[in-house]
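Peer 1: Quick one: sequence plus predicted model below, questions after.
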Amino acid sequence: MNTNKPKNISHKVSAIASATTILLGGFLLTAPTGVAREAEQIKLAQNNTVVANSAQQETLYLNNDKTYSYNLVAAERTTIDGVTVPAGATIVGKYVPADGGLQYVAEAVTYDQYSYSINATSQVIEDVKDPRDRSAGSIAKDAGIGAAGGAILGEVLGDEANVGEIVGGAAAGAAVGNVTADRVVVIEPNTPITLYSY
């Protein structure tokens, strides 16, 4: 009888050890999944940027000295200013004047029935000469400026302006095309705009 007791105890110890191994094994199998989820949440929390596109389907030509209220659409799921932004969410905000162009200032994110305030802005979207200002009248005006420049150049060089200088100046002015064009910020529908929290 004494010989059976140690066997029973050793069997119990073996059973406990096996159960512990299974539990530990189960824990080890599930730990990587939990770690991956936690890493994804940390990555989202640290992102703090949103890549978005204009909600308007047409190209916008915006003066660099005015404020315009236009929405953007989030291009991908991310987190900014502590708010999760799903792909396709509407970003409410406006383009405001900035040195060298306009900046987009985001005020809220809306999707489904939810709306959350955010504070985010883009870098300066630089202005350019208005590409639409290539009418015959504009080109003629620029050619006139070029011709006058040719005549002045002739006088500065000490001889009277000859036909070649005037025609050459006119051609140069016409070639530039939109010397006198206004400067605008051009927003294409598919050009990404990155917003940063502040």
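Peer 2: Okay, I see it. Numbers count the residues shown, from 1 in each chain.
Peer 1: Which elements pack onto the biggest strand by length in the chain?
Peer 2: Longest strand in the chain, counting residues (DSSP state E): strand 101-111. Applying 3 or more CB pairs under 8 Å, 6 or more residues apart in numbering; DSSP states H and E, one finds that strand 101-111 makes contact with strand 72-74, strand 83-85, strand 90-98, strand 114-122, strand 125-126, strand 193-197. Quick note: C-beta positions are derived from backbone N, CA and C, even for glycine.
Peer 1: helices and strands around the fifth one, which ones?
Peer 2: Based on contacts counted as 3+ CB pairs under 8 Å, 6+ apart, the elements that strand 125-126 packs against are strand 101-111, strand 183-187.
Peer 1: ok, T110 - contacts?
Peer 2: By CB atoms under 8 Å, 6 or more residues apart in numbering, the contact list for T110 reads 89-90, 92, 116.
Peer 1: circling back: so for the longest strand of the chain, mean pLDDT?
Peer 2: The average pLDDT within strand 101-111 is 97.
Peer 1: re the thing from before, which one, of the helices and strands packed on strand 101-111, ends up nearest to V186?
Peer 2: strand 125-126 (8.6 Å; CB to CB).
Peer 1: The next helix or strand after that closest one pairs with which strands?
Peer 2: Per DSSP states H and E, the first helix or strand lying C-terminal to strand 125-126 is strand 128-129. Sheet pairing of strand 128-129 (DSSP bridges) gives strand 183-187 (antiparallel).
Peer 1: For the strand it pairs with, list every residue counted as buried.
Peer 2: By neighbour count on 16 or more other CB atoms under 10 Å, the buried set for strand 183-187 is 184-187.
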